[in-house]
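# Requesting a structural model of the entry that follows:
(one chain, ligands or ions: 2)
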Amino acid sequence: MNEPLVQIAMTVDGAPLSARVRPRYLLSDFLRERAGAPGVHVACGHGVCGACTIVVDGVAVRACLMLAVQADGATVQTIASLPVLEGTVTEGTGLTPLQQAFRDHHALQCGYCTPGLLVSSAKFLAAHRAPTRAQILDHLNGHLCRCSGYANIIAAIESVLQ
Ligand code: FES
Ligand code: FES
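Ligands and ions are numbered 1, 2, ... in the order given. Modelled structure (predicted):
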């Protein structure tokens, strides 16, 4: 039996969007397939790895754990909103300070985990202006990176504090 479609509307990276969706359509899939947000990466698909991290109404969440219908009326920010989340870009390069730091410290290899890491790190740093190493490690608990090594990610995050 076909499920009835549900009308939803939200703002994604500053652009209004409305659509009719299946009730069980994941927000991560909706953003990638219907909202032009391929930077929402899906890896584990069940809330463990952090690759799909986005911001919904100011809160960092895992897009793979939400349904699109749950974001009805919400303001959604993906990696495309990183300059807004950080409040700045680096002169000349077009990169935000966090992106530049990840580049400078070789904090990514395949880059699959990177958008989620950058989004949640921007929110983390907005809430913690002078985090301790322990707080940074606790923050990174929610993210799995299979290839770059966490030491470089920690170094990148700490470098933007200086
Ligand atoms: S894909 Fe969402 S947490 Fe892994
Ligand atoms: S850079 Fe490859 S998974 Fe993190």
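# C-alpha from now on. contacts and neighbour counts both.
Will do.
# Tell me the spacing between V21 and ligand 1.
Here the criterion is Cα to the nearest ligand atom, to the nearest Å. By it, V21 lies 20 Å from ligand 1.
# how close does that residue get to A134?
Look at V21 and A134: by Cα to Cα, to the nearest Å, they are 42 Å apart.
# Comparing those two, which residue is more hemmed in?
V21 (19 against 9; other Cα atoms under 10 Å).
# can you give me phi and psi for that one?
Main-chain dihedrals, V21, degrees, to the nearest 10: phi -130, psi 160.
# ditto for Q100
According to degrees, to the nearest 10, Q100 has phi -60, psi -40.
# now L26
phi -70, psi 150.
# hmm, who's touching the top helix by length along the chain?
Longest helix in the chain by number of residues (criterion: DSSP state H): helix 114-127. Residues outside helix 114-127 that contact it (Cα atoms under 8 Å, 6 or more residues apart in numbering): 39-41, 50-55, 60, 78-79, 82, 85-86, 98-99, 108, 131, 139, 143, 157.
# Which ones among the residues you listed map onto strands?
Mapping the contacts of helix 114-127 onto strands (DSSP state E) picks out T53, I54, V55, A60.
# Mind listing the residues bridging to the second one?
Just to be clear, that refers to I54. When bridges are called by DSSP bridges, I54 pairs up with V61.
# for P83, what are its contacts?
V89, T96.
# ok, it to L65 distance?
25 Å.
# burial count for the nearest residue to L85 once chain neighbours are set aside?
Excluding its sequence neighbours, the residue lying closest to L85 (Cα to Cα, 6 or more residues apart in numbering) is A122, at 6.1 Å. By other Cα under 10 Å, 22 other residues sit near A122.
# Within range of ligand 1, give me the residues from the chain.
For the chain, the residues found near ligand 1 under the criterion Cα under 6 Å from any ligand atom are 42-52, 62-64.
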